[in-house]
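Trainee: Give me a model of this one.
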Amino acid sequence: MLVLALVGVRPLARGHARLTRALLGSSAVEQLAERVEVLAQTRAGALDAHGAELARIERDLHDGTQARLVAIAVRLGIVKQELAGDQGSVARLIREAHDGAEAAMRELRAIIRTMYPPVLTDLGLAGAIHALAAQSPVPTRIELGELGTPPAAVEAAAYFAISEALANVARHSQAGAATVSVWQSDGWLRAIITDDGCGGADRSRGSGLTGIQQRVAALDGTVHIDSPPGGPTSITVELPCGS
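Mentor: Residues are numbered from 1 along each chain as shown. Predicted coordinates for the structure are as follows:
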């Protein structure tokens, strides 16, 4: 009887051990899931704050520094016209100052555009994408799904990726048409840019596609390029929007 009892205890003990491991494992998984959720929320908040700060800096530069540079350039331009026939040192300095102010404005505008595109502030992501299509020399169809309200940094990354992809289409693809599809689902903003051109796109041969990859990767996104020789080319961009 004792032997039978001991024999019966062993399977029971093993069962308790398996149950304990299962319970502990389940708890650990739940804790990990909760931690991941907290990190995702924190990251989403950081993205929102980062995007908002970029937008604020863009507004400050546009409305403050750039406006003052424009005023200086205008005044110098007036003086430059008044001294148009004067070849003296003062006139030369005025001309140099005017040219320098205009160069500074061009550089400042370029910096502003790379930080947070003003068109996103003015038109939103959907309007900005339509504006890119309207500016493209290659006829471009836009297909927009539900976009939601992604963080500003994600919107900017998507905008720059689409802009660069369409620029590559115009420069290299010999395409007759392109399509841009953008939507948000399951916490991801997705954009697919396709063209009917010659294909053969390779990120290792130019900075454009590499720039897209780097900008998207900085936000833990992914870029997939499918571009066989002879085409068509498809660039898929996926950006996490947080939770």
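Trainee: I'd assumed residue 187 was in contact with residue 154.
Mentor: No - contact criterion CB atoms under 8 Å: residue 154 and residue 187 do not qualify, at 10.8 Å. Any C-beta I mention is one placed from the backbone N, CA and C, and that applies to glycine too.
Trainee: For the nearest residue to residue 233 once chain neighbours are set aside, what are phi and psi?
Mentor: In this structure, residue 233 finds its nearest non-sequential neighbour in residue 227, 4.0 Å apart by CB to CB, 6 or more residues apart in numbering. Backbone geometry at residue 227, expressed as degrees, to the nearest 10, gives phi -150, psi 70.
Trainee: neighbours around residue 227, how many?
Mentor: Using other CB atoms under 10 Å, residue 227 is surrounded by 22 other residues.
Trainee: residues contacting it?
Mentor: Listed by CB atoms under 8 Å, 6 or more residues apart in numbering, the contact set of residue 227 reads 199-202, 233-235.
Trainee: Identify the residues contacting residue 240.
Mentor: Counting by CB under 8 Å, 6+ apart, the residues that residue 240 touches are 154, 187-189, 219-221.
Trainee: Could you chop this structure up by domain?
Mentor: Segmentation of the chain into domains, based on automatic domain parsing, reads 1-116, 124-240.
Trainee: contacts for stretch 181-191?
Mentor: Stretch 181-191 is contacted by residues 125, 129, 142-148, 150, 154-155, 158, 161-162, 180, 192, 194, 236-243 when judged by CB under 8 Å, 6+ apart.
Trainee: just stretch 124-141 next, same as before
Mentor: 117, 119-120, 123, 142, 144, 147, 150, 155, 158-159, 162-163, 166, 169-170, 173, 175-180, 182, 195.
Trainee: buried residues in that stretch?
Mentor: Of the residues in stretch 124-141, those with enough neighbours to count as buried (16 or more other CB atoms under 10 Å) are 125, 128-133, 136, 138, 140.
Trainee: same thing with stretch 176-188?
Mentor: For stretch 176-188, by 16+ other CB under 10 Å, it's 178-180, 182, 184, 188.
Trainee: one step back: okay, and the common contacts of residue 154 and residue 187?
Mentor: With CB under 8 Å, 6+ apart as the test, residue 154 and residue 187 both reach 240-241.
Trainee: And the helices in the chain?
Mentor: 2-60, 66-82, 89-115, 118-135, 152-168, 207-217 (DSSP state H).
Trainee: what angle do the third one and helix 118-135 make?
Mentor: Yep, that's helix 89-115 we're talking about. Angle, helix 89-115 to helix 118-135, by axes from the mean of the first three to the mean of the last three CA atoms, to 10 degrees: 80 degrees.
Trainee: before we move on, back to that, which among the contacts of residue 240 end up buried?
Mentor: Using 16+ other CB under 10 Å as the burial test, the contacts of residue 240 include 154, 188-189, 219, 221 as buried.
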